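Undergrad: Give the three-dimensional model of this entry:
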Amino acid sequence: MQTRFSDVTTQFSTFKDALARRILAQPGVGTQADTQADAGALDDFTSYLAQELWPSLPLALREATYETRDSVPDVDDLSLENIPTTFADTLVSCGLIDDVESAADFLRRVLQDYVADACAPPPMWSKTRTKECEICEREVPLTYHHLIPREVHDKVRKKKWHPESMLNSVAWLCRPCHSAVHHAADNETLAREYYTVDRLLARDDIQKWRKYAAKQRFGVRRG
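TA: Reported below is the predicted structural model:
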């Protein structure tokens, strides 16, 4: 089943994951989804339900982030009167709830989990440390690369390129990969366009460097 949304947001994915966890927590469900086929079926099922529900949720809820947490409505105060009938009927037919009236309570628990995840504070950079370089994937001594270089933080704030909570996000890179990143683009370009590891890895030059670096043995001098 292909998603109908042209732009799947982080919030939608977070909501879908919260929904999947609640489904797995239902009696008898978690013990069944233990194969690749079952995992695929669960993904299709939660994608369908999430797509049915998502447009009916308040916009402030769908845009929930750490920065907007104060404007997110209290889940306990939501009426949930506009729940699509397909959602309730599907849960009943699959034996996940006893009756249609239970759908609102089930969804409210999902939304409470979703808001907790979507509005959670970003982790401290020190707690994101990995064992492998996030570019070449070698287990070697690591340095931390500010994905939004500190030298341009003032400009980032002024231009509002990113929320404040992103300014101290880092990637753990070995020294050669760290240097390769700073040779690939200037600090402003890194901050504006390459502020995640995935965005860095989308560059052809970083991919070529990655393939080269992955083959190098740490501490071995050649020639």
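Undergrad: Quick check: which helices or strands does the worst-scoring helix or strand of the chain on mean pLDDT pack against?
TA: Sorting the helices and strands of the chain by mean pLDDT, DSSP states H and E puts helix 36-53 at the bottom, at a mean of 83. Contact partners of helix 36-53 among helices and strands, from 3 or more CB pairs under 8 Å, 6 or more residues apart in numbering; DSSP states H and E: helix 10-24, helix 85-93. From N, CA and C alone the C-beta is placed, and that goes for glycine too.
Undergrad: Quick one: low-confidence residue ranges for the protein.
TA: Residue ranges of the chain with pLDDT under 70: 1-8, 28-39, 122-128, 218-223.
Undergrad: Could you rerun that using 80?
TA: 1-8, 26-40, 120-129, 217-223 (pLDDT under 80).
Undergrad: show me where it has helices.
TA: For the chain, the helices defined by DSSP state H occupy 10-24, 36-53, 59-62, 85-93, 103-118, 153-159, 175-184, 187-193, 197-201, 204-214.
Undergrad: What count of nearby residues applies to Thr65?
TA: Counted with other CB atoms under 10 Å, residues neighbouring Thr65 total 17.
Undergrad: right, and it touches Cys119 too?
TA: Yes: with contacts counted by CB atoms under 8 Å, Thr65 reaches Cys119, the gap being 6.7 Å.
Undergrad: so which of the helices and strands packed on helix 36-53 comes closest to Tyr144?
TA: Evaluated over the helices and strands packed on helix 36-53, closeness to Tyr144 peaks at helix 10-24, with 23.0 Å, by CB to CB.
Undergrad: Return the alpha-carbon coordinates of the closest one using CSV.
TA: C-alpha atoms of helix 10-24 as CSV (Å, rounded to 0.1, in the frame of the first residue of the first chain):
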residue,chain,number,x,y,z
THR,A,10,7.9,13.8,10.6
GLN,A,11,4.7,14.3,12.7
PHE,A,12,2.7,11.9,10.5
SER,A,13,5.4,9.3,10.9
THR,A,14,5.5,9.8,14.6
PHE,A,15,1.7,9.5,14.8
LYS,A,16,1.8,6.3,12.7
ASP,A,17,4.4,4.8,15.0
ALA,A,18,2.3,5.6,18.1
LEU,A,19,-0.6,4.0,16.4
ALA,A,20,1.4,0.9,15.6
ARG,A,21,2.6,0.6,19.2
ARG,A,22,-0.9,0.7,20.6
ILE,A,23,-2.1,-1.9,18.1
LEU,A,24,0.8,-4.2,19.1
